[in-house]
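Undergrad: Build the 3D model from these lines:
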Amino acid sequence: MTRVVATGVFSLIHPGHVLFLNEASKLGDELIVIVARDKTVGLNKGRGYIPEKQRLDVISRLDMVDKAVLGDENDIYKPIIEIKPDIIALGRDQKFDEIKLKAALKQRNIDAKVIRIKKYLEGELYSSRQIIEHIRKNRDKK
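TA: Okay, the predicted model is just below:
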């Protein structure tokens, strides 16, 4: 059985997230998604972002996701150590340096292959940043 881990903030779920997770699920038999903690990514309640438990709930309901967990607030590698994945899937625009990530995994005795998902959706509202900007620009228009 091949276990795949994918990670992300998933602040606003959009088609790009669905594509990424679907492609990640094709890499193995089980997909576990680690959802970033509010504290880790600097999100605060009241700032217009979706709280971590709600983001976790939405991700866990996607068909291609076998299990979703919250990340660790202090050590991003702790859930990886616990899950013991065979593959870590990265999205095209995730800001992980693959060489540094592989070195950090090796240092922690984590023998997981790192695969960057190349497939990506192009479009006006296919990223959380684009959606937020669209809302900001149009919120006062009536």
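Undergrad: quick one: the strands in the chain?
TA: 3-8, 30-35, 67-70, 87-90, 113-116 (DSSP state E).
Undergrad: Now do the same contact list for residue 39.
TA: residue 73 (Cβ atoms under 8 Å, 6 or more residues apart in numbering). C-beta here means a position set from N, CA and C on the backbone, and glycine is covered the same way.
Undergrad: pLDDT wise, what is it at?
TA: For residue 39, the model assigns a pLDDT of 85.
Undergrad: Next one: it from residue 73, what distance?
TA: 5 Å (Cβ to Cβ, to the nearest Å).
Undergrad: Tell me how far the residue lying closest to residue 9 once chain neighbours are set aside lies from residue 66.
TA: Of all residues not flanking residue 9 in the chain, residue 36 sits nearest, at 4.6 Å (Cβ to Cβ, 6 or more residues apart in numbering). In this view, residue 36 and residue 66 are 19 Å apart by Cβ to Cβ.
Undergrad: where does the chain dip in pLDDT?
TA: Low-confidence segments of the chain (pLDDT under 70): 43-48, 142.
Undergrad: quick revisit: give the contact list for the residue nearest to residue 9.
TA: Residue 36 neighbours (Cβ under 8 Å, 6+ apart): 7, 8, 9, 10, 52, 71.
Undergrad: and which of the residues you listed is nearest residue 103?
TA: Ranked by distance to residue 103 (Cβ to Cβ), the contacts of residue 36 are led by residue 7 at 17.5 Å.
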